[in-house]
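**Q** give me the fold of what follows.
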Amino acid sequence: MLLSRYILRTHAAPFLFGTVVIMILFLLQYFMRWLDQLASKGLDVSTIIMFMVLNLSWIVVLAIPVGVLFSTIMAFGAMSTTHEVTVMKASGVGLLRMMVPVVSCGVLLWGFVFWYTDTVLPETNVRLSAMMRDIERTKPTFAVDEGQFSTYLDGVTVLARHVDTNGLMRGMTIYDRSKYEVRNVISADSGRLQFSPSLTRLVVQLHNGEIHQRSVRDPMDYRVIRFAGYQMTLPAENMMYQASDVTGTSRSDREMSIADMRQVVDRAELQARQADERYDTAFIRHMDYVLRDGSPADSSVRSMKDRIERAISIVVSTRSTLESERLRRSSELTVANKYLVEIHKKYAIPFACLLFVFVGCPMGILTKGGSFGSSALISLGFYVLYWISMIGGEKLADRGLLSPAVAMWVGNATIGLIAAIVTLRVNSR
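**A** Next up, the predicted model:
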């Protein structure tokens, strides 16, 4: 018991450190891709924090297995460097006995990551997808820069020749093309802009100016309206970020649980089988027509020309049916493969939490990777190998060149083979 507690204690800090570092690196990489969007849309701090938290959801699934690998390499490497492993072996404690507490924790992490991937991650992915659409739909924060045209509003261009620190604009010109019937050019000595309470309209207060109005249908219909004070409202939809309701929205494969995806797979496979049956029925019916001798049905055909035209029509119709059913079957099998890939991925990635224990413990002893640098380097190597296998397998499965099960488990099989080799080597010493 004391030995198990000691081994687990040596793993705790490296695991937390490795997992957090991977999460930060992934988050920063993703955040930089969205930096322009987040900065230009005028989003408040709480919205940006929520965006980062939702992204952390899928990052956690990738970071925990890497944290397990890093901690096992570093902890067992450090014990090997300080000869603690040698002392344990001399006391009759073999490698597999030393790995028992770590394997137990690996099993718990396996179960946790699987539950999280199947239950929590689909819901957060739905919210993240909706949030990304809402951010992309949101227009840049409306602002009028001195001496520059502002074109953020649909059909309206605003020019202010001078803007003071209080927001008062002087020498304003507004080009209004929002109405189909007329074109307005509004000029004013001064004015202010502010949003309506609902944030869907922009209210413009103008002073001392004139409106030049021209009819689109009749160019001769031209008016000049002078005013001392004039208020206009402009549409400003999507100028402010608004979160949409995700209830009832359609979901992609990464936004569904295993049970939901299994229903899609079963439905697609049923449709593919039905397409096969219709294909066979149409083919057999056509062959019966081709192979039969002169039948009573042909007695009504009055000439050879009519017979030929009828045969051509039947051939064209049969060919169209066969091609249609073949394409439908191929399409349904593609859908089934796509969802089967995601189903197997939900099993394969959590299993890496346990698999990396059997790699990291003996690898740490072999390489004496107790330092941060060596542990990180070895972990990075295995991480790259694992994800190349996963990504490559996924692409091959999506193209129908590899079965989804083989594609998603080939990475685990490769790592498992390495784990078996290094474990046997260290345990036989």
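
**Q** residues near residue 94, how many?
**A** Residue 94 has 13 neighbours, counted by other C-beta atoms under 10 Å. Backbone N, C-alpha and C define where each C-beta goes, glycine included.

**Q** mind checking the SS state of residue 189?
**A** Put simply, residue 189 is strand when judged by DSSP: H, G, I helix; E, B strand; the rest coil.

**Q** actually, residue 277.
**A** Assignment for residue 277 (three-state DSSP): helix.

**Q** could you do residue 171 as well?
**A** strand.

**Q** for it, which non-adjacent residue is closest in space?
**A** residue 161 (3.3 Å; C-beta to C-beta, 6 or more residues apart in numbering).

**Q** verify the stated contact: the one you found with residue 146.
**A** Yes: the criterion here is C-beta atoms under 8 Å, and residue 161 meets it with residue 146 at 7.1 Å.

**Q** could you list the low-confidence segments of the stretch 51-200 of the chain?
**A** The model of the stretch 51-200 of the chain has pLDDT under 70 over residues 136-143, 152, 196-200.

**Q** tell me the helices and strands packed up against the longest helix seen in the chain.
**A** Identified as the longest helix of the chain according to DSSP state H is helix 304-367. Judged by 3 or more C-beta pairs under 8 Å, 6 or more residues apart in numbering; DSSP states H and E, helix 304-367 is in contact with helix 45-81, helix 95-115, helix 258-291, helix 372-398, helix 404-427.

**Q** among those helices, which is nearest residue 251?
**A** The closest of the helices and strands packed on helix 304-367 to residue 251 is helix 258-291. By C-beta to C-beta, the value is 7.4 Å.

**Q** what packs against that closest one?
**A** Contacts defined by 3+ C-beta pairs under 8 Å, 6+ apart place helix 258-291 against helix 304-367.

**Q** tilt between the helix it packs on and helix 404-427?
**A** Orientation check (axes from the mean of the first three to the mean of the last three C-alpha atoms, to 10 degrees): helix 304-367 against helix 404-427 gives 20 degrees.

**Q** and residue 281, how many neighbours?
**A** 12.

**Q** what sits against it?
**A** By C-beta atoms under 8 Å, 6 or more residues apart in numbering, the contact set of residue 281 is empty.

**Q** residue 97 too?
**A** By C-beta under 8 Å, 6+ apart, the contact set of residue 97 is empty.

**Q** how near is it to residue 112?
**A** 25 Å (C-beta to C-beta, to the nearest Å).

**Q** again, but for residue 85
**A** Distance check for residue 85 against residue 112: by C-beta to C-beta, it reads 28 Å.

**Q** so between these two, which is more surrounded?
**A** residue 85 (23 against 13).

**Q** thought that one was touching residue 76?
**A** Yes: the pair residue 85 / residue 76 is scored as a contact, 7.1 Å apart, by C-beta under 8 Å.

**Q** now do the shared contacts for the two.
**A** Common neighbours of residue 85 and residue 76 (C-beta under 8 Å, 6+ apart) are 98, 365.

**Q** domains for the chain, by residue range?
**A** 2-138+344-427, 149-235, 254-294+302-339 (automatic domain parsing).

**Q** and the residue nearest to residue 359 when sequence neighbours are not counted, what does it touch?
**A** Leaving aside its chain neighbours, residue 359 sits nearest to residue 419 (4.4 Å; criterion: C-beta to C-beta, 6+ apart). Counting by C-beta under 8 Å, 6+ apart, residue 419 touches 355, 358, 359, 362.

**Q** residues in contact with the first one?
**A** Under the criterion of C-beta under 8 Å, 6+ apart, the neighbours of residue 355 are 412, 415, 416, 419.

**Q** and the last one, what pLDDT?
**A** Looking back up the chat, that one is residue 419. If you check residue 419, the pLDDT there is 87.

**Q** any idea how far it is from residue 72?
**A** Distance from residue 419 to residue 72, by C-beta to C-beta: 11 Å.

**Q** over to the first one?
**A** With the distance defined as C-beta to C-beta, residue 412 ends up 16 Å from residue 72.

**Q** with neighbour numbers in mind, choose between those two.
**A** residue 72 (31 against 20).

**Q** list the residues that contact the more buried one.
**A** With contact set as C-beta under 8 Å, 6+ apart, residue 72 has these partners: 11, 102, 356, 357, 359, 360, 361, 363, 364.

**Q** hmm, 6 Å instead?
**A** Going by C-beta atoms under 6 Å, 6 or more residues apart in numbering, residue 72 touches 357, 360, 361.

**Q** any idea how far it is from residue 203?
**A** 63 Å.

**Q** over to residue 250?
**A** Distance, residue 250 to residue 203, by C-beta to C-beta: 37 Å.

**Q** in terms of neighbours, single out the busier of those two.
**A** Set side by side, residue 250 and residue 203 show more neighbours around residue 203, with 15 against 6, by other C-beta under 10 Å.

**Q** could you dump the helix or strand that contains the more buried one to CSV, C-alpha only?
**A** Residue 203 is part of strand 201-215, with elements assigned from DSSP states H and E. What follows is strand 201-215, C-alpha atoms only, in CSV (Å, rounded to 0.1, in the frame of the first residue of the first chain):
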residue,chain,number,x,y,z
ARG,A,201,-31.6,49.8,-34.9
LEU,A,202,-29.1,52.6,-35.2
VAL,A,203,-30.6,56.1,-34.4
VAL,A,204,-28.9,59.0,-36.1
GLN,A,205,-29.6,62.6,-34.9
LEU,A,206,-28.6,65.2,-37.5
HIS,A,207,-28.6,69.0,-37.3
ASN,A,208,-28.6,71.7,-40.0
GLY,A,209,-28.4,69.9,-43.3
GLU,A,210,-30.2,68.8,-46.4
ILE,A,211,-31.4,65.7,-48.1
HIS,A,212,-30.9,65.1,-51.8
GLN,A,213,-33.5,62.6,-53.0
ARG,A,214,-33.6,61.0,-56.4
SER,A,215,-36.1,58.5,-57.7
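
**Q** who are the packing partners of that strand?
**A** strand 182-195, strand 222-235 (3 or more C-beta pairs under 6 Å, 6 or more residues apart in numbering; DSSP states H and E).
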